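**Q** dropping a prediction and its sequence here:
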Amino acid sequence: MSVSILRALRYTGFGQFFATGDGCWDMTNFLEPAGEAATTAEGVLVLSATPELGRVPGSSNFAERYAARFGPIGNYAVYSYNSARVLIAAIKAAADEAKRYPSRRDVTAAMRKLRFKGIAHGDPVEWDEKGDNLAAVTALNVVESGYFRQVAEIPRTPG
């Protein structure tokens with residue numbers, strides 16, 4: 001949908017910056033179909049929930065392994081991998097503490113205490129009293145030469 005809107009806007013002469021959400025941080029479904037429309041006029045700004053590959057140690061290695069097995073890496077792959085690892089760590093911590101098969105309540109309690117350094121954020125994942133991820137960031141990406149390039153990273157604002 002965003003590709004169609006972007007192409008229609010460029011066709012009609014709309015040259016202003018086009019900003020879109022993280023669902024468009026996608027080579028196959030956004031950037032390639034958008035073609036020149038993504039780089040003409042003032043360009044395109046795309047948000048993402050993780051820093052660009054390579055900024056966080058381990059993210060480039062993960063992306064290479066992912067691409068070899070599944071093809072081009074998608075928007076949420078790094079975040080999904082990190083989330084699964086966080087959940088597994090919480091289950092393990094809950095089982096170790098409970099000395100039995102952990103309940104959902106045990107896992108939730110362990111998750112709230114967890115401080116986990118993964119590949120999706122520069123800071124370790126941990127939660128505030130409301131359950132918000134303190135490591136969360138929004139990365140701002142522009143399109144250059146057919147690729148996304150991160151130009152800024154905005155940390156989560158507490159509160």
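**A** Cool, the structure landed. Residues are numbered from 1 along each chain as shown.

**Q** which residues in this protein form helices?
**A** With DSSP state H as the definition, the chain shows helices at residue ranges 2-11, 32-34, 59-70, 77-98, 104-113.

**Q** mean confidence score for the longest one?
**A** Mean pLDDT, taken over the full extent of helix 77-98, equals 94.

**Q** do the same with stretch 148-159
**A** Mean pLDDT, computed over stretch 148-159, is 84.

**Q** also stretch 118-127?
**A** 92.

**Q** what sits up against it?
**A** 49-51, 55-59, 62, 78-79, 81-83, 85-86, 111-112, 114-117, 133-137, 153 (Cβ atoms under 8 Å, 6 or more residues apart in numbering). Where C-beta positions appear, they are placed from N, C-alpha and C, glycine not excepted.

**Q** give me the domain ranges for the chain.
**A** Following automatic domain parsing, the chain resolves into domains at 1-49+136-159, 56-134.

**Q** can you redo these as TSV with mean neighbour count?
**A** Shown next, in TSV, are those (neighbours: other Cβ atoms under 10 Å):
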stretch	mean neighbour count
domain 1-49+136-159	15
domain 56-134	15
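
**Q** returning to what we had before: residue 24 is nearest to which of the helices of the chain?
**A** helix 2-11 (5.1 Å; Cβ to Cβ).

**Q** report the mean per-residue pLDDT for that closest one.
**A** 88.

**Q** likewise stretch 40-50?
**A** Throughout stretch 40-50, pLDDT has a mean value of 89.

**Q** start to end distance for it?
**A** Using Cα to Cα, to the nearest Å, one end of stretch 40-50 lies 26 Å from the other.

**Q** centre of the chain to it, how far?
**A** Distance of stretch 40-50 from the chain centroid (Cα atoms, centre = their mean, to the nearest Å) equals 14 Å.

**Q** contacts for that stretch?
**A** Under the criterion Cβ under 8 Å, 6+ apart, residues 6, 10, 14-22, 24-25, 30, 34, 38, 56, 59, 75-76, 78-79, 82, 120-121, 136-143, 148, 150 lie in contact with stretch 40-50.
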